[in-house]
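Enquirer: got a predicted structure here, sequence first:
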Amino acid sequence: MNELTLSCGRLWLENDNGPLACQVTDATDEIDSDLKSYNKEYGLAKSCLLVPELPDQFKWERLALASDFPVSAANLVTSLGDRNYLGGIWRVDDLLVAAAVYRQELSDYAALDPSCLPYYQAVDNGVKDQLLFQVSVKAAKDTAPSDLSLDFSFDELRRYYKWLKFKEQQQYDQVKALAEQQAAAAKQAAEE
């Protein structure tokens, strides 16, 4: 899938050359369950991760989230972020739409445009496995001023990154074990 469709419009990723294919993963159930364990009043209508499909080699000035609905300073509710994520929350029709990028190890790359829409700047293939976006949505009428469920939903970016790193390590370990087995077999064959 190359875009996320919400009731208020569409979101997609763009690089310097235009739209970029991405994998959209719906994480609503997992995140909603985590939020409700923290506070029964918390909950989301939708939360999705957008992971760009990147070439082996690239260098872009900008990798950004784009939308066909108004995301501007005029409907900005607040910017948000901590050491793991950076983004903003906007009121669009009867929804609160929040978007963020993963930034724990990318503080030099993560940025906000004037309307607080998150993007990455000056990225290349050296950080390709860390470029993650997330969008979370909930009904504005269901949100009390003290409700931090949109903010807390972005903890998923850190969890997803850790999962990616775990998968990468597992693959490395498998390749290393296979190489060691092949070397041992070759050594044994040479000794015979």
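Expert: Alright, I've got the coordinates. From a predicted model like this one, the values you see are computed outputs, not experimental measurements.
Enquirer: CA only for contacts and neighbour counts going forward, please
Expert: Fine.
Enquirer: from Ala27, how far off is Cys8?
Expert: 19 Å (C-alpha to C-alpha, to the nearest Å).
Enquirer: and what of Leu132?
Expert: With C-alpha to C-alpha as the criterion, Leu132 and Ala27 are 13 Å apart.
Enquirer: how about Leu65?
Expert: 18 Å.
Enquirer: who has more neighbours, the two?
Expert: Leu65 (23 against 17; other C-alpha atoms under 10 Å).
Enquirer: which parts of the helix or strand containing Thr25 are buried?
Expert: Using DSSP states H and E, Thr25 falls within strand 22-26. For strand 22-26, the neighbour count (16 or more other C-alpha atoms under 10 Å) marks Cys22, Val24, Asp26 as buried.
Enquirer: for Trp90, which non-adjacent residue is spatially closest?
Expert: Closest residue to Trp90 in three dimensions, ignoring its sequence neighbours and counting by C-alpha to C-alpha, 6 or more residues apart in numbering: Leu76, at 4.3 Å.
Enquirer: for that neighbour, what are its contacts?
Expert: Gly88, Ile89, Trp90, Arg91, Ser115, Cys116 (C-alpha atoms under 8 Å, 6 or more residues apart in numbering).
Enquirer: per-residue pLDDT, it?
Expert: pLDDT for Leu76: 87.
Enquirer: likewise for Gln23?
Expert: pLDDT, Gln23: 89.
Enquirer: one more: Glu105?
Expert: pLDDT, Glu105: 73.
Enquirer: neighbours of it, just the number please.
Expert: 13.
Enquirer: now for it: which residues touch it?
Expert: If you count contacts by C-alpha under 8 Å, 6+ apart, Glu105 has them with Gln130.
Enquirer: how about it, secondary structure?
Expert: coil (DSSP: H, G, I helix; E, B strand; the rest coil).
Enquirer: one more: Gly126?
Expert: Under the three-state scheme (three-state DSSP), Gly126 adopts helix.
Enquirer: contacting residues around stretch 131-145?
Expert: 43-52, 65, 91, 94-102, 120, 150, 153-154, 157, 161.
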